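Colleague: Return a 3D structure for these sequence lines:
(2 chains)
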Amino acid sequence: MSRQKHRLRQQLSNGAGKVTESGCIRHETQSAAIGAISKCPRHSQAELVAEQYRWYYRHLPIFSTRRQLRLHLEFTKNQLREQMPQSSQQNRILANDRLSADVFRLTVHAPELAAVAAPGQFVMVRTAESLDPLLRRPFSIHSRNADGSLSLLFKVVGKGTALLAKVKVGDSLDLLGPLGRGFDLTAADQPVCLIGGGMGIAPLLFLAQELRGPKYALLGARNQEELAPLAKLFAEIGCAVQLATDDGSLGHHGFIPDLLEAVLPEVQQVCTCGPSLMMRSVVSISRQAGTSCQVSVETAMACGMGACLGCVMPGADGRQVHVCTDGPVFKAEELAWQL
Amino acid sequence: MAALKPDMRVKLGPLDLQNPVLTASGTFGYAKEFEPFVNLNRLGGIIVKGISLEPRPGNPPPRIVETACGMLNAIGLENVGVDRFISEKMPYLRTLTAPLLVNILGDSLDDYRELARRLDEVPGISALEVNISCPNVKKGGAAFGASPEMAAAVTAAVRKAARLPVIVKLSPNVTDITVMAKAVEDAGADALSLINTLIGMAINAKTRKPRLANIIGGLSGPAIKPIALRMVWQTAQAVSIPVIGIGGISTAEDAVEFLLAGASAVQVGTANFYDPSAAEKIVTGLEAYLQEQGEERISNLIGALDTGKD
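Modeller: Below is the predicted model of the structure:
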């Protein structure tokens, strides 16, 4: 049920929640259908609606009548409108895998949170029950897994992540989420280039899981040891992967944006997350090529829900944006870049 | 046999609260942010982010940094300004039954006077909390909080401009907080709230740079609780108006300690950040504490510290 609900959510968000939007059986997602069919002069409005229903019938065979389907969609829409982040201390840890020297993948059973999470959203994790470290740590969701669990990817950089590295299977994790605005999936069926550096690779896997079109993954990290286990995950879900390492131990020896220009003609948009220098370069290259670009940014934050106002960044209009509620994913043109 | 539900009501001068747990300004947004996590109407009162006459953008980032058992912030009083507060935030806040207290701040006496006058006409507000103690802005704020004469002048101005109860929020960054407290009491404040953040600093040894763009910021969280307790205790003895205790309260036991030290109510601040349901948990915890102790009324705890001296 949760996966189905999620799929509906995706469709509704893609179609701006309008049930009367068109759909098409030739396409894997409704947004693809809307995109393609609305441009097709041979389809009348009635045909669009008819095809939309055929699409739903094919994908949601449990609905035997149109009325049932409509009721269900209305119900789901209302549910989604009321969808709020949740706070739970009792999320069982299913795995804490050490991927390389200081990089871990933490998998936690959180089916309700997982069901409503969207790529690019994040969770706030309490790393200790004690008062030090005091604040939660923000982590973007790395992947949603078939069993309703979520994975987080992190590198040990300080007190909080050092504690997280020590948590064991069966322990409970205190999670708050899902929070923030994720990636805009309106063009989820178009070719996309994902470009991630270091731990910025984390949200891109979840995004790749939800994309339906051709996807290119340009991934960079310090060395082969860090990059190889992550690259494998992208290849497994059908990404065309290209790699770069700082020390040249795997793939291109150098900066990951170096590889972007060759891929740009193939894609409709770029989604990036990583060190600010890298993202700045990606934004600059995409802008020159006129390709739309979404960026997932990282800042320190105390609450993750718009209360502390600690996580600001300069926005394009001279005002400051709040990363936790306005982001963490932005269209590149919404932020101020010193290009 | 089920124990009788204890009486959680407290009086804050002219203000009656269903329980003594309030949320501290600047840590609870405009309350709506916390709706998914807290039954807002179970709280003793809600104090929203400080409001100025004009919207303020706040300071550049980084604005916050975690420290041992606490955090430093230099938000710089970012807020939507009084007009948008009234038009955009008040409609939601009015739907709540918990009393709403509005924190106000300005750069001049005229600012405070005007804010008080404007908000006094707005239905749904139970009291004003006058911020004379923010350490993170260049003028106003702390300047008013550092001199007894200025603090008294602001208090008198707000008192004159508004019929609402006036609470003055004091800065701990003074030589003797009781001098400030008495000055504000004499100027007509109905209650005091203390302490605001302590001015602090954090440095990154590797980069040799300050960790906050503003260089200095306000320290909050459990790290400051002992100082806050001491100041509440001293102030409660020095004045006859009610005192609201603030500073590192994260559990019901912390709240009890402040009540024993003489506070009539408490504000939960930084704890809201790492546990968004902290304030409601403290209400529940206080009820449990009273039942455990066989205490019928929470008001009996106020100032009940046993120093063994008399």
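Colleague: okay but B:Lys32 is in contact with B:Arg94, surely?
Modeller: No. Using Cβ atoms under 8 Å, B:Lys32 is not in contact with B:Arg94, being 11.9 Å away. (Glycine included, C-beta is placed from N, CA and C.)
Colleague: Can you say which helix or strand has the spatially most central residue of chain A in it?
Modeller: Nearest to the mean C-alpha position of chain A, by Cα atoms, centre = their mean, lies A:Pro119 at 2.1 Å. Here A:Pro119 sits in a region with no helix or strand, counting by DSSP states H and E.
Colleague: roughly how far apart are it and B:Ala304?
Modeller: 54 Å (Cβ to Cβ, to the nearest Å).
Colleague: Likewise for A:Gly327?
Modeller: For A:Gly327, the distance to B:Ala304 - Cβ to Cβ - is 48 Å.
Colleague: Sheet partners, orientation included, of the helix or strand where B:Val48 lies?
Modeller: In the assignment (DSSP H and E), B:Val48 maps to strand B:45-51. Strand pairing for strand B:45-51, using DSSP bridges, gives strand B:21-23 (parallel), strand B:100-104 (parallel).
Colleague: Quick check: buried residues in the lengthiest strand in chain A?
Modeller: Looking across chain A with DSSP state E, the single longest strand is strand A:86-100. For strand A:86-100, a neighbour-count test (16 or more other Cβ atoms under 10 Å in any protein chain shown) marks A:87, A:91, A:93-94, A:96, A:99-100 as buried.
Colleague: Let's have those residues in TSV, adding distance to chain B and pLDDT.
Modeller: Formatted as TSV, the buried residues of strand A:86-100 follow (distance: Cβ to the nearest Cβ, whole Å; pLDDT from 0 to 100):
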residue	distance to chain B	pLDDT
A:Ser87	5	83
A:Asn91	15	92
A:Ile93	20	95
A:Leu94	24	96
A:Asn96	22	96
A:Leu99	26	94
A:Ser100	23	93
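Colleague: Just give me the closest of the residues you listed to B:Pro172.
Modeller: A:Ser87 (31.0 Å; Cβ to Cβ).
Colleague: Now the closest one: closest residue in space that isn't a chain neighbour?
Modeller: A:Leu176 (4.7 Å; Cβ to Cβ, 6 or more residues apart in numbering or on different chains).
Colleague: same deal with B:Met201?
Modeller: Closest to B:Met201 by Cβ to Cβ, 6+ apart is B:Ile216, at 5.0 Å.
Colleague: pLDDT score for that neighbour?
Modeller: For B:Ile216, the pLDDT comes out at 94.
Colleague: Neighbours of it, how many?
Modeller: 15 (other Cβ atoms under 10 Å in any protein chain shown).
Colleague: pLDDT value on A:Glu74, please?
Modeller: 56.
Colleague: I misspoke; the intended subject was A:Arg319.
Modeller: Reported pLDDT for A:Arg319: 86.
Colleague: Tell me, how many residues neighbour it?
Modeller: 11.
Colleague: Surely it touches B:Pro57?
Modeller: Yes. Counting by Cβ under 8 Å, A:Arg319 touches B:Pro57, with 6.5 Å between them.
Colleague: thinking again about what came up before, show the contacting residues for the residue nearest to the centre of chain A.
Modeller: Taking Cβ atoms under 8 Å, 6 or more residues apart in numbering or on different chains, we find A:Pro119 in contact with A:141, A:182-183, A:185, A:203, A:206-207, A:209-210.
Colleague: Swap in 7 Å and give it another go.
Modeller: A:Pro119 makes contacts with A:182-183, A:203, A:206-207, A:210, as judged by Cβ atoms under 7 Å, 6 or more residues apart in numbering or on different chains.
Colleague: okay, residue 95: pLDDT?
Modeller: Went with chain A since none was named. Predicted confidence (pLDDT) for A:Ala95: 94.
Colleague: Chain B is the one I meant
Modeller: On pLDDT, B:Thr95 comes in at 92.
Colleague: quick one, phi/psi of it?
Modeller: Phi and psi for B:Thr95, reported as degrees, to the nearest 10, are phi -80, psi -10.
Colleague: And for B:Leu194?
Modeller: Here B:Leu194 shows phi and psi, under degrees, to the nearest 10, equal to phi -160, psi 150.
Colleague: Can you show me the helices along the chain?
Modeller: All of this refers to chain A. A:2-14, A:30-38, A:45-59, A:66-81, A:111-116, A:159-165, A:202-210, A:224-236, A:260-263, A:276-289, A:323-326 (DSSP state H).
Colleague: Actually, chain B is the one I wanted.
Modeller: Taking DSSP H as the criterion, chain B carries its helices at B:81-84, B:90-94, B:109-120, B:142-146, B:148-161, B:177-186, B:225-238, B:252-260, B:271-274, B:278-293.
Colleague: I'd like the strands paired with strand B:45-51 as CSV, with mean neighbour count and mean pLDDT appended.
Modeller: CSV is the format used below for those (neighbours: other Cβ atoms under 10 Å in any protein chain shown; pLDDT from 0 to 100):
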stretch, mean neighbour count, mean pLDDT
strand B:21-23, 29, 98
strand B:100-104, 26, 97
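Colleague: I'd like these laid out as CSV, including distance to A:Val241.
Modeller: Output for these, formatted as CSV (distance: least, Cβ to Cβ, whole Å):
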stretch, distance to A:Val241
strand B:21-23, 48
strand B:100-104, 52
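Colleague: How about the residues of the stretch 1-150 of chain A by chain B?
Modeller: Taking Cβ under 7 Å from any Cβ of the partner chain as the contact definition, the stretch 1-150 of chain A meets chain B at A:84-87, A:126, A:131-136.
Colleague: just the buried members of those?
Modeller: A:85, A:87, A:126, A:131, A:133-136.
Colleague: Next, give me the two most distant ones among the residues you listed.
Modeller: A:Pro85 and A:Leu131 (23.2 Å).
Colleague: shaky segments in the stretch 101-250 of chain A?
Modeller: Along the stretch 101-250 of chain A, no part satisfies pLDDT under 70.
Colleague: Okay, strands next: where are they in it?
Modeller: Assigned by DSSP state E, counting those that start in this stretch, the stretch 101-250 of chain A shows strands spanning A:103-109, A:122-126, A:137-144, A:149-155, A:172-179, A:192-197, A:215-221, A:240-245.
Colleague: dump the residue contacts of the closest residue in space to B:Val38 that isn't next to it in sequence.
Modeller: Closest residue to B:Val38 apart from its sequence neighbours, by Cβ to Cβ, 6+ apart: B:Glu280 at 4.8 Å. B:Glu280 is in contact with B:38-39, B:42-43, counting by Cβ under 7 Å, 6+ apart.
Colleague: between the residues you listed, which is nearest chain A?
Modeller: B:Val38 (9.9 Å; Cβ to the nearest Cβ).
Colleague: How about the contacts made by the closest one?
Modeller: By Cβ under 7 Å, 6+ apart, the neighbours of B:Val38 are B:276-277, B:279-280.
Colleague: where does it land on pLDDT?
Modeller: B:Val38 is given a pLDDT of 93.
Colleague: A:Asn14 now?
Modeller: For A:Asn14, the predicted pLDDT is 44.
Colleague: Leaving out chain neighbours, which residue sits closest to whichever residue of the stretch 51-200 of chain A sits closest to chain B?
Modeller: As assessed by Cβ to the nearest Cβ, chain B sits closest to A:Met84 within the stretch 51-200 of chain A, at 3.8 Å. Nearest residue to A:Met84, sequence neighbours excluded (Cβ to Cβ, 6+ apart): B:Pro36, at 3.8 Å.
Colleague: how many neighbours does the one you found have?
Modeller: With other Cβ under 10 Å as criterion, B:Pro36 counts 16.
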